[in-house]
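Asks: predicted model and sequence follow; I will ask about them next.
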Amino acid sequence: MPQCNAAMKLDDAFMLRDALKKKLSVVEEYIAIAQAFGGSSAVPPPPPTNQVALPPPPDDNRDLEDRPGQEYGAVSKAVRAAFPYMPEIFTIADLLRHFGKHGPTMNVKQIATVMNRLVKKDTTIIHQRGKGSRPTIYKKPATPAP
């Protein structure tokens with residue numbers, strides 16, 4: 001009986017050896033392919049990504065002559081020029097109504113952007129900050145805004 005167990009263990013050892021040889025040949029083939037393509041056999045290459053090439057950023061000193069009918073700062077100049085026609089306390093809607101009647105054509109975003117910049121420069125004062133559906137109320141500047 002002891003010989004029979006030894007023979008079975010020997011058969012299992014041969015089968016295990018053959019299976020490991022097959023696996024080793026697969027690993028050696030992978031290493032050969034990786035080295036042929038210049039990759040490292042130790043670490044698999046990262047998967048390719050689908051990145052889109054972004055256009056270069058615009059030059060900071062670009063001319064704004066690309067915009068037909070508008071020069072640089074035209075919206076800001078128009079908003080500041082409307083201040084004398086505003087009541088002592090006004091909102092962006094008041095400015096929008098003024099431009100609707102007297103021109104030039106502007107939208108709320110353009111006016112809001114100019115007003116936010118003028119507040120940051122301390123040339124315009126916020127009388128009451130808006131929240132939710134309440135609009136921000138601005139106080140008319142004492143002197144014309146630069």
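Replies: Arrived safely. Residues are numbered from 1 along each chain as shown.

Asks: looking at this protein, which helix or strand does the model trust least?
Replies: Counting by mean pLDDT, DSSP states H and E, the chain has its least confident helix or strand at helix 2-36, which shows a mean of 77.

Asks: go through it and flag the buried ones.
Replies: The neighbour-count check on helix 2-36 (16 or more other CB atoms under 10 Å) flags residue 34 as buried. Any C-beta I mention is one placed from the backbone N, CA and C, and that applies to glycine too.

Asks: quick check: next helix or strand after that helix?
Replies: From helix 2-36 onward toward the C-terminus, using DSSP states H and E, the following helix or strand is helix 74-82.

Asks: who touches that following helix?
Replies: With CB atoms under 8 Å, 6 or more residues apart in numbering as the contact definition, helix 74-82 has outside contacts at 95, 98-99, 102, 104, 106, 110-111, 113-115, 117-118, 144-146.

Asks: and the residues you listed, which are buried?
Replies: Neighbour-count burial within the contacts of helix 74-82 applies to 95, 98, 99, 106, 110, 111, 114, 115, 118; the criterion is 16+ other CB under 10 Å.

Asks: just these now: which is nearest residue 21?
Replies: residue 110 (75.1 Å; CB to CB).

Asks: and that closest one, how far is that from residue 104?
Replies: 10 Å (CB to CB, to the nearest Å).

Asks: over to residue 137?
Replies: In terms of CB to CB, residue 137 sits 24 Å off from residue 104.

Asks: low-confidence regions, the protein specifically.
Replies: Along the chain, segments meeting pLDDT under 70 span 1-8, 38-72, 143-146.

Asks: how does it divide into domains?
Replies: 1-42, 74-139 (automatic domain parsing).

Asks: between the two ends of the longest one, how far is it?
Replies: Taking CA to CA, to the nearest Å as the measure, domain 74-139 stretches 22 Å from start to finish.

Asks: ok, now stretch 78-88?
Replies: End to end - CA to CA - stretch 78-88 spans 18 Å.

Asks: no further queries at this time; thank you.
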